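Colleague: below: sequence and its predicted model.
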Amino acid sequence: MDFLKYAEASAALLNADLSQVDGLTAYLEGRDRLRERATDRDCMLLRKFQRELRPVFEAGQADRVSEVVGGLNELMSRHPITPRISDHEHGDLHLHVATDNATVADLVVGESLLGLATLVCDLGPDRLGVCSAAPCTHVFVDTSPNRSRRYCSERCSSRANVAAFRARQKAGVVS
């Protein structure tokens, strides 16, 4: 299991529009087996999960460690995870969330929680963030070496930097 991949996928899940199955299939890009099985019910369950998981990212952004840990533990209680060692790639043993009789939503939630729990334990809860560019509300996983990420994307970073530059120019002209 590449826990960073799963953790980043959980941020992408929170940022995804799951109002219809098309949004879920877009989120599942490259996972054809899951895309074929995606249903309206999966979308409904994942929208609920989005609402439950968002406070964890907000707590990470605010460096409220106990809320991140408590939130993840609560979610793992409500959504039990069954990891399994996979050897489908010869010579590359890794963890997967068990898929026996699991719905698409079950699998996505399990991967998200396992990835986030591992990330929080290995790198710290302050690696979870919310974009600082107004009015964006997307979340992200900060994998920068110095924990300095503030924006969900290059687009938001650029937009915020341009706005700050223009504000400085305007303040200099007015002075």
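Modeller: Happy to help now that I have it.
Colleague: residue 84: what secondary structure?
Modeller: strand (DSSP: H, G, I helix; E, B strand; the rest coil).
Colleague: what is the burial count for the closest residue to it other than its chain neighbours?
Modeller: Nearest non-adjacent residue to residue 84, counting by Cβ to Cβ, 6 or more residues apart in numbering: residue 98, 4.9 Å away. Glycine gets a C-beta too; all of them are placed from N, C-alpha and C. Neighbour count for residue 98, taken as other Cβ atoms under 10 Å: 14.
Colleague: ok, residue 98 - contacts?
Modeller: 82, 83, 84, 110 (Cβ atoms under 8 Å, 6 or more residues apart in numbering).
Colleague: next secondary structure after the helix or strand hosting residue 56?
Modeller: Assigned by DSSP states H and E, residue 56 belongs to helix 40-61. For helix 40-61, the following helix or strand on the C-terminal side (DSSP H and E) is helix 65-78.
Colleague: what residues sit buried inside that next one?
Modeller: 67, 68, 69, 71, 72, 75, 76 (16 or more other Cβ atoms under 10 Å).
Colleague: before we move on, what about stretch 95-110?
Modeller: So stretch 95-110, judged by 16+ other Cβ under 10 Å, has buried residues 95, 96, 97, 103, 104, 105, 106, 107, 108, 109, 110.
Colleague: pick out whichever of the residues you listed sits closest to residue 34.
Modeller: residue 104 (5.2 Å; Cβ to Cβ).
Colleague: so what's that closest one up against?
Modeller: Going by Cβ under 8 Å, 6+ apart, residue 104 touches 24, 28, 34, 37, 38, 39, 42.
Colleague: and these, which two are furthest apart?
Modeller: 28 and 39, at 12.1 Å, using Cβ to Cβ across the contacts of residue 104.
Colleague: out of those two, which sits in the more crowded spot?
Modeller: Ranked by neighbour count (other Cβ under 10 Å), residue 28 and residue 39 place residue 28 first, with 22 against 13.
Colleague: residue contacts, the more buried one?
Modeller: Counted by Cβ under 8 Å, 6+ apart, residue 28 has contacts 34, 35, 38, 104, 108.
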